[in-house]
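**Student:** predicted model and sequence follow; I will ask about them next.
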Amino acid sequence: MSRIAPGWSPPPVVPVVRISGVIGGSQPLRNGVTLAALAGPLEQAFSMRGAKAVALVVNSPGGSPVQSSLIFKRIRALAEEKKLPVIVFAEDAAASGGYMIACAGDEIFADESSVIGSVGVISAGFGFTGLIEKLGVERRVHTAGTNKGMLDPFQPEKEEDVKRLLDLQGEVHDYFKDLVKGRRGEKLTGGDDELFSGAFWAAKGALQRGLIDGIGDLRRIMRERFGEEVKLRLVAPRRSFWPLGNTVKSSQKSGTLPDFGPNFADSFADGIISAIERRSIWSRFGL
């Protein structure tokens, strides 16, 4: 085109990567947000020819702190390697681990009703000691290692076990706080007791506290930044609509019953539990 029309230049391109869902491992009935799933799309986005920036659309209530950290680090590594700015757009939520990932952006924007923040660490579970006593069930646990059975939900909670867990959570929380401070710097307003208490805000409150840089959507902000002709290129991982789709297709071709493997029942049950857990994580933010 430059030979045919001197002075012509291609329109600016901004690759877009969606990071949506609860952060953690994948199972039946649950497609978790993990570095393994995002590594390919992120690499493709940052390597796209003619890219002026990379846009991340984050819609996550959090989940695994490890996966959140790994994704954050990969985004920053690619941004520094490719010398491209990263602009993040929050949808329903960029909370907890979702906000950690959002901090990989050089700028963070949100919708007026987005939930932002929740810089904290949580561990939740159930205790079944009274239940198994009523059922006449005797719990038998044998370990090599005095702390191997720590926080067993079928045994009474021990003070020293809880302290150990709180110490671990404190270390993870300190890392999270340092990450936010390192990325947001002097933009943050308010004290640590408020910002890092696990509280969360809608976009206006988050903006006042420096957790985000502005209120706006992907299309409008990108057009304001790069012009009306900007091309937004969605980069998405390949994902089967139904996790068991390949198994079913294979059985159809061979004319046999699907073989889901010896552990399918356990995996399927875990998937149902994970779906309930995922719903509970979203519901913490009224979503």
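**Tutor:** That came in fine, so what should we check first?

**Student:** quickly list what the residue nearest to Gly214 when sequence neighbours are not counted is bridged to.
**Tutor:** Among residues not flanking Gly214 along the chain, Phe109 sits closest, at 4.9 Å (C-beta to C-beta, 6 or more residues apart in numbering). (Glycine included, C-beta is placed from N, CA and C.) Each beta-bridge partner of Phe109 is listed here: Phe89, Gly214, as defined by DSSP bridges.

**Student:** hang on, Phe109 packs against Ile87?
**Tutor:** Yes - using C-beta atoms under 8 Å, Phe109 is in contact with Ile87, at 7.2 Å.

**Student:** give me the common contacts of those two.
**Tutor:** Both Phe109 and Ile87 are in contact with Ile221, where contact means C-beta atoms under 8 Å, 6 or more residues apart in numbering.

**Student:** and what about Asp161, helix, strand or coil?
**Tutor:** Assigned by DSSP: H, G, I helix; E, B strand; the rest coil, the conformation of Asp161 is helix.

**Student:** quick one: it and Leu168, what's the gap?
**Tutor:** 11 Å (C-beta to C-beta, to the nearest Å).

**Student:** circling back to that earlier point, what about the residue nearest to Gly214, how many neighbours?
**Tutor:** The local packing of Phe109 (other C-beta atoms under 10 Å) involves 23 other residues.

**Student:** what do you get for Val115?
**Tutor:** Counted with other C-beta under 10 Å, the neighbours of Val115 add up to 27.

**Student:** when you give positions from now on, start the count at 99
**Tutor:** Noted, 99 is the first residue going forward, which turns the last one into Val213.

**Student:** what segments of this protein are helices?
**Tutor:** Taking DSSP state H as the test, the helices found in the chain are 133-144, 163-180, 195-200, 227-232, 257-282, 290-293, 301-306, 316-324, 343-352, 362-381.

**Student:** these: which one's closest to Val219?
**Tutor:** helix 257-282 (4.4 Å; C-beta to C-beta).

**Student:** tell me what the closest one is packed against?
**Tutor:** helix 163-180, helix 195-200 (3 or more C-beta pairs under 8 Å, 6 or more residues apart in numbering; DSSP states H and E).

**Student:** what about that helix, average pLDDT?
**Tutor:** The predicted model assigns helix 257-282 a mean pLDDT of 88.

**Student:** now do stretch 166-176
**Tutor:** Along stretch 166-176, the predicted confidence averages to a pLDDT of 98.

**Student:** can you name the residues in contact with that stretch?
**Tutor:** Stretch 166-176 is touched from outside by 117, 121, 131-133, 136-137, 140-141, 144, 152, 154, 160, 182, 184, 194-196, 198-199, 201-202, 273, 277, with contacts defined as C-beta under 8 Å, 6+ apart.

**Student:** let's see 6 Å
**Tutor:** Residues outside stretch 166-176 that contact it (C-beta atoms under 6 Å, 6 or more residues apart in numbering): 121, 133, 136, 144, 195, 198-199, 202.

**Student:** of the helices and strands packed on helix 257-282, which stretch is the most buried?
**Tutor:** Mean neighbour counts were compared across these using mean count of other C-beta atoms under 10 Å; the top stretch is helix 195-200, at a mean of 29.

**Student:** same for that helix, what does it pack against?
**Tutor:** For helix 195-200, the packing partners by 3 or more C-beta pairs under 6 Å, 6 or more residues apart in numbering; DSSP states H and E come out as strand 152-158, helix 163-180.

**Student:** and those as CSV, adding distance to Gly288?
**Tutor:** Converted to CSV, those look like this (distance: least, C-beta to C-beta, whole Å):
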stretch, distance to Gly288
strand 152-158, 22
helix 163-180, 22
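
**Student:** and of those, who's closest to Arg331?
**Tutor:** Nearest to Arg331 among these is strand 152-158 (9.5 Å), distances taken as C-beta to C-beta.

**Student:** quick one: mean pLDDT over that closest one.
**Tutor:** If you average the pLDDT over strand 152-158, you get 97.

**Student:** give the contact list for the nearest residue to Ala177 once chain neighbours are set aside.
**Tutor:** For Ala177, ignoring the flanking residues on the chain, the nearest one in space by C-beta to C-beta, 6+ apart is Val184 at 5.0 Å. If you count contacts by C-beta under 6 Å, 6+ apart, Val184 has them with 152, 177, 203-204.
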